[in-house]
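A.B. asks: no sequence on hand, only this structure:
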């Protein structure tokens, strides 16, 4: 044993005692300090008395919600026309933007039927005709062009007499969307003039990913070009209405939306499920009932069960 090791060996029991004392002190502090803080908070509360909070009585939300959804106006019907066999375009009877009627010839194509064991190769003429009344909204063909059934479409024909718009309604409102309901359609393309349309059909089920209901709105196409960006506005009238609170009644500080409900003068935290956001007010899908009293702008340090002085309850302002 060296001269250096001997003093260290003698000090080891002392070091162990010191370390043990420090660890025990740390454990004691971890246990005692929160208790001390609780006692201090209770003493502070007794010295200042119960604090006052503003409250609001939970009311029913309005029956109707005004909804505005963006979409794109599209033709009620559109079809791309391809060559049905390989050949050469002999004639084109229509131009871009022409109005055509069902059965009207659009172009002729000289095709050559391949020879078989029983028949030599022969030439034929294939005529493309309009499948319905509409406009030629695409023309990708010229006389003399070589075409085939696998090539690009020669024409696109669109029926723009009626336009349709697909929009997605949130699941909280989807049950009350009715087929045949009138809607107002506005677009920048017509200086935001209002065009009256209607709900033509719905998907009948929510999308599994977005949880929204797709609906088809139809409207006259005289004043609006297909492809225009539009806003569909309509009023959703519900059979039942949920509770509603001001947005400032929500308590922050946790990942779950909560409110402070006042029962017999004491504070109780309640986790709520948020519904339709009305801006200043929020509908509640679960956790509260009409008639409950909740704190407005609740302080972050309100404790569960704390006694509060409740200011005269105010009624929510329906929006």
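C.D. replies: Happy to help now that I have it. Note that the coordinates shown come from a computational prediction; the quantities given were computed from them, not determined experimentally.
A.B. asks: residue 55 reaches residue 311, doesn't it?
C.D. replies: Yes - counting by C-beta atoms under 8 Å, residue 55 touches residue 311, with 6.1 Å between them. Yep, even glycine has a C-beta here, placed from its N, CA and C like the rest.
A.B. asks: these two: who's more crowded?
C.D. replies: Neighbour totals were compared for residue 55 and residue 311, and residue 55 leads with 21 against 13 (other C-beta atoms under 10 Å).
A.B. asks: what pLDDT, on average, does stretch 281-294 get?
C.D. replies: Averaging pLDDT along stretch 281-294 yields 94.
A.B. asks: my error: substitute stretch 111-122 in the last question.
C.D. replies: Rounded mean pLDDT across stretch 111-122 is 72.
A.B. asks: now stretch 73-89
C.D. replies: 95.
A.B. asks: ok, now stretch 213-225?
C.D. replies: Stretch 213-225 comes out at a mean pLDDT of 95.
A.B. asks: which positions in it come out as buried?
C.D. replies: 213-219, 221, 224 (16 or more other C-beta atoms under 10 Å).
A.B. asks: would you convert the residues you listed into CSV that also reports secondary structure and distance to residue 258?
C.D. replies: Output for the buried residues of stretch 213-225, formatted as CSV (DSSP: H, G, I helix; E, B strand; the rest coil; distance: C-beta to C-beta, whole Å):
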residue, secondary structure, distance to residue 258
213, strand, 30
214, strand, 34
215, strand, 34
216, strand, 40
217, strand, 38
218, strand, 44
219, strand, 44
221, coil, 50
224, coil, 47
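A.B. asks: any chance of these in CSV, plus distance to residue 196?
C.D. replies: Shown next, in CSV, are the buried residues of stretch 213-225 (distance: C-beta to C-beta, whole Å):
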residue, distance to residue 196
213, 22
214, 21
215, 16
216, 16
217, 11
218, 11
219, 7
221, 13
224, 12
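A.B. asks: which one of those sits closest to residue 93?
C.D. replies: Taking C-beta to C-beta as the measure, residue 93 lies nearest residue 221 of the buried residues of stretch 213-225, at 24.3 Å.
A.B. asks: list the contacts for that closest one?
C.D. replies: 73, 75-76, 160-163 (C-beta atoms under 8 Å, 6 or more residues apart in numbering).
A.B. asks: so which of the residues you listed belong to strands?
C.D. replies: Residues of the contacts of residue 221 located in strands (DSSP state E): 75-76, 160-163.
A.B. asks: which residues pair with residue 295 across the strands?
C.D. replies: residue 55 (DSSP bridges).
A.B. asks: that one and residue 249, how far apart?
C.D. replies: 7 Å (C-beta to C-beta, to the nearest Å).
A.B. asks: same question, residue 50
C.D. replies: For residue 50, the distance to residue 249 - C-beta to C-beta - is 20 Å.
A.B. asks: and these two? Which one has more around it.
C.D. replies: residue 249 (25 against 14).
A.B. asks: which one is that one nearest to, not counting chain neighbours?
C.D. replies: Of all residues not flanking residue 249 in the chain, residue 294 sits nearest, at 4.9 Å (C-beta to C-beta, 6 or more residues apart in numbering).
A.B. asks: so who does that neighbour touch?
C.D. replies: Taking C-beta under 8 Å, 6+ apart, one finds 55-56, 58, 245, 249, 259-262, 288 in contact with residue 294.
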